[in-house]
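Colleague: predicted model follows, preceded by the sequence.
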Amino acid sequence: MSAAAELPTLADAARQIKAGDLSPVALTEACLDRIDRYDGQINAFHHVLADEARRTAAAAESEIRAGNYRGPLHGIPIALKDVFYFKGHKTTASSRVLRDFEADEDATVIKRLKDAGAILIGILDTYEFTFGGRPTFDALYPPARNPWDISKSTGGSSSGSGAAVAAGFCLGALGSDAGGSIRTPAALNGIAGMKPTYGRVSAYGDIPLSFSFDCVGPMAWTSEDCALMLQALAGHDPKDPTSVDTPVPDYTSGINGDLAGIKIGMLRHFYTDDFDAPLEIVSAIDGVGKTLASLGAEIGEATLSPLADWHAVGRIILPAEAFAIHEDNLQNRWEEFGPLARNRMMLGSLVRAVDYIQAQRRRTELTAEMEQAFKRFDIIVTTAMLVPQPPIDDKAPFPYLDAPMIVVPFNLTLHPCHAVRAGFFTDGMPIGAQIAGRHWDEATVLRVAHAFEKAAGLLDRRPVLETG
Amino acid sequence: MSGDKKPVADEDAIFEGMVRASGVPVTDRERKNLRTAYSALMGMAAQVRKSGRSWEVRMMPNFTPKPPGADDR
């Protein structure tokens, strides 16, 4: 049950490495071999750090043999979205503006992965400056392609992270999510991806898109894998003023707990009434509810303001903040931006201060509404996508203005929200669901997601890759 | 201003002014795309407003100083 028949999941690999049954060197070589064979078609990586990964894997192997096992990420190949400060390496955000940028320290999440003994195997594609929508062909690097069908979009902005995990190039990846940028590529590539509670994982050293929304989180084949990654990533960081000093629970000790008494709110009107999603999506997401019911959860129906209301707030706040962050470069180095990213950010210059503030006030009301829903339910389930994976060469400049964004509500309210594989379209492309929980309660989200994955048995199907 | 007539804003002029004020050059094609997007954006700006909204509905996020000694814990 992994991305590739010859690779274990992150959790299985960790168990085998700890028991001395799997060599980190061999595991790293297996990943490098797959990257070598297949990434010419997928474009998930900006840089493969083969030599460095081999050195770190050999060191991890020696350490573990000497009895110094650090924990579940020790010896595990993990790749990084190209938005994190990474000492000794360039961080480009796939933009010509940052083609020569090299931070002199690591992002906190990179430091935590290094401390956990992870093998950092390469730097992954992102939409330029992480602004979502459609893939950008005019950024510094070509867009990652969906391993299930390379003519289709990976979704973004953590496009390389979604593609690399789905293709079996690494056992986990770091992503960032200001408007669905972890959950959308997780859903479109058929993997799992967690946007934690805002403040749970440090964003220090993550190139910002939106101060209100930026979150960093794990992406992996299974929810259990994400739990192991989140354990290493979570925790207070004084360098990040939005980081919150609150205890981090053990995400894996209770992950196999039963679902008896868990109250699940199916947020159906987002994909049935507010947007007319295809029947395959409706069936798959409704199926998540049925599976959870069969596991003992109590299922009800959650009702919130129409999706368009949530979407409107997100679409005003995000570009305004993105323009403010990048204003200087947009004004002085505009020709170095890809036109698509530049125009997406330009939208923010058209938002007046009063519009921005009214949107933030509406956000207060919507957050209160969501909190009410979480008084009734432990978990809210909805779809992670309203339409199938679009063609990779779709050039609509502002697609997110035409259709509502299903992932945005949980960015507005700062709740933890996790994407899981929920089914397949008839053409074999994956369908993703979102599972959201109360603030700081990633543990219950992961428990429900893990129970669903085990019961649904959807993760055995893998993309078929071609060499190139 | 008298009566119940609302002033009609010249959206084209506002758009042109805001693009100029941004200080970012745009091509004619980009300007056309942006003008369409601007209309959608203004629709959303209307949508986030609510008649009769209480003053007590403040904006997110909220910024409050840490209590004394919070850093010493």
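Modeller: Yep, that arrived. All values derive from a computational prediction rather than experimental measurement.
Colleague: check contacts around A:Ala144.
Modeller: When contacts are counted by C-beta atoms under 8 Å, 6 or more residues apart in numbering or on different chains, A:Ala144 is found next to A:42-44, A:124-125, A:135, A:154, A:159-160, A:162-164. No exception for glycine: its C-beta is placed from N, CA and C like everyone else's.
Colleague: could you count how many residues lie near residue 21?
Modeller: All of this refers to chain A. Number of residues near A:Asp21 (other C-beta atoms under 10 Å in any protein chain shown) recorded here: 9.
Colleague: chain B was what I was after
Modeller: Neighbourhood size, B:Ala21 [other C-beta under 10 Å]: 10.
Colleague: from what I can see it touches A:Ser349, true?
Modeller: Yes. Counting by C-beta atoms under 8 Å, B:Ala21 does reach A:Ser349; the two are 7.3 Å apart.
Colleague: what are the ranges of the helices in the stretch 201-350 of chain A?
Modeller: Assigned by DSSP state H, counting those that start in this stretch, the stretch 201-350 of chain A shows helices spanning A:223-233, A:269-272, A:279-294, A:307-332, A:339-346.
Colleague: out of those, nearest to chain B?
Modeller: Closest approach to chain B among those (C-beta to the nearest C-beta): helix A:307-332, 3.7 Å.
Colleague: tell me the most buried of the helices of the stretch 201-350 of chain A?
Modeller: A comparison of the helices of the stretch 201-350 of chain A by mean neighbour count, using mean count of other C-beta atoms under 10 Å in any protein chain shown, puts helix A:223-233 on top with a mean of 27.
Colleague: who's in contact with that helix?
Modeller: With C-beta under 8 Å, 6+ apart as the test, helix A:223-233 has contacts from A:9-11, A:14, A:71-73, A:78, A:109, A:112-113, A:115-116, A:118, A:171-172, A:174, A:192-194, A:196, A:201-202, A:216-220, A:248, A:250-252, A:255, A:418, A:420, A:442, A:446, A:449-450, A:453.
Colleague: give me the buried entries from those residues.
Modeller: A:9-11, A:14, A:72-73, A:78, A:109, A:112-113, A:116, A:118, A:171-172, A:174, A:192-194, A:196, A:201-202, A:216-220, A:248, A:251-252, A:255, A:418, A:420, A:442, A:446, A:449-450, A:453 (16 or more other C-beta atoms under 10 Å in any protein chain shown).
Colleague: in helices only, show me the contacts of helix A:223-233.
Modeller: Per DSSP state H, helices hold the following members of those: A:10-11, A:14, A:109, A:112-113, A:115, A:442, A:446, A:449-450, A:453.
Colleague: tell me the one among the residues you listed nearest to chain B.
Modeller: Nearest to chain B, judged by C-beta to the nearest C-beta, of the ones in helices among the contacts of helix A:223-233 is A:Glu442 at 20.1 Å.
Colleague: nearest residue to the closest one in space, please, no chain neighbours.
Modeller: Among residues not flanking A:Glu442 along the chain, A:Pro416 sits closest, at 4.6 Å (C-beta to C-beta, 6 or more residues apart in numbering or on different chains).
Colleague: again with A:Thr242
Modeller: A:Gly199 (5.4 Å).
Colleague: so where's chain B shaky on pLDDT?
Modeller: Chain B contains residues with pLDDT under 70 at B:1-8, B:70-73.
Colleague: and the residue nearest the centre of chain B, what element?
Modeller: By C-alpha atoms, centre = their mean, chain B has its centre lying nearest to B:Ala45, at 6.3 Å. For B:Ala45, the host element (DSSP states H and E) is helix B:28-47.
Colleague: show me what that helix packs onto, helices and strands only.
Modeller: Packing contacts for helix B:28-47, counted by 3 or more C-beta pairs under 8 Å, 6 or more residues apart in numbering or on different chains; DSSP states H and E, involve helix A:307-332, helix A:339-346, helix A:353-376, helix A:399-402, helix B:11-22.
Colleague: same thing but at 6 Å, please
Modeller: Helix B:28-47 makes packing contacts with helix A:307-332 when contacts are defined by 3 or more C-beta pairs under 6 Å, 6 or more residues apart in numbering or on different chains; DSSP states H and E.
Colleague: is chain B contacted by the helix it packs on?
Modeller: Yes. For helix A:307-332 and chain B, the contact criterion (C-beta under 6 Å from any C-beta of the partner chain) is met by A:312-313, A:315-316, A:330-331.
Colleague: can I get those residues in a markdown table including pLDDT and distance to A:Arg363?
Modeller: Below are those laid out as a markdown table (pLDDT from 0 to 100; distance: C-beta to C-beta, whole Å):
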| residue | pLDDT | distance to A:Arg363 |
| --- | --- | --- |
| A:Ala312 | 97 | 10 |
| A:Val313 | 97 | 5 |
| A:Arg315 | 94 | 12 |
| A:Ile316 | 96 | 10 |
| A:Leu330 | 95 | 25 |
| A:Gln331 | 94 | 28 |
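Colleague: understood, closing this out.
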